[in-house]
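Asker: No sequence on hand, only this structure:
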């Protein structure tokens, strides 16, 4: 288990668990990254393909990010 001042990263049974705080965690399972955040009391849970840039970095919500390959083209959610 690797620990820094801000986070703990654990490799366990093929998963990478990146604990950012007592309320925020990123979990890589296979080719998906899961984001769980309850730091604001909203119980946010999102996921994206691990090889892709996270939607938070792109300034978009996850549902818009996941629909990019839809037949309707790129959709943005306000």
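Answerer: Ah, there it is. Bear in mind the structure is a predicted one, so any value in this text is a computation, not a measurement.

Asker: C-alpha from now on. contacts and neighbour counts both.
Answerer: Noted.

Asker: and the nearest residue to residue 7 once chain neighbours are set aside, what helix or strand is that in?
Answerer: Take residue 7 and drop its neighbours on the chain: the residue closest to it by C-alpha to C-alpha, 6 or more residues apart in numbering is residue 20, 4.5 Å away. According to DSSP states H and E, residue 20 maps onto strand 15-21.

Asker: May I see the buried residues of the helix or strand following that strand?
Answerer: Next helix or strand after strand 15-21 toward the C-terminus (DSSP H and E): strand 24-29. By neighbour count with 16 or more other C-alpha atoms under 10 Å, strand 24-29 contains the buried residues 24-28.

Asker: Okay, strands next: where are they in the protein?
Answerer: Secondary structure of the chain (DSSP state E): strands at 2-3, 8-12, 15-21, 24-29, 32-37, 44-49.

Asker: Residue 6: how many residues sit nearby?
Answerer: When neighbours are defined as other C-alpha atoms under 10 Å, residue 6 has 8 of them.

Asker: If we ignore the residues flanking it in sequence, what's nearest it?
Answerer: Ranked by C-alpha to C-alpha, 6+ apart and with sequence neighbours excluded, the top spatial neighbour of residue 6 is residue 20, at 6.3 Å.

Asker: Also residue 19?
Answerer: Nearest non-adjacent residue to residue 19, counting by C-alpha to C-alpha, 6+ apart: residue 25, 4.5 Å away.

Asker: Bridged to that neighbour, which residues?
Answerer: residue 19, residue 36 (DSSP bridges).

Asker: pLDDT at it, what is it?
Answerer: pLDDT, residue 25: 93.

Asker: Hmm, it is touching residue 33, no?
Answerer: No. The pair residue 25 and residue 33 fails to qualify as a contact (C-alpha atoms under 8 Å) at a distance of 10.3 Å.

Asker: tell me which residues in stretch 35-45 are buried?
Answerer: Buried residues in stretch 35-45 (16+ other C-alpha under 10 Å): 35-37.
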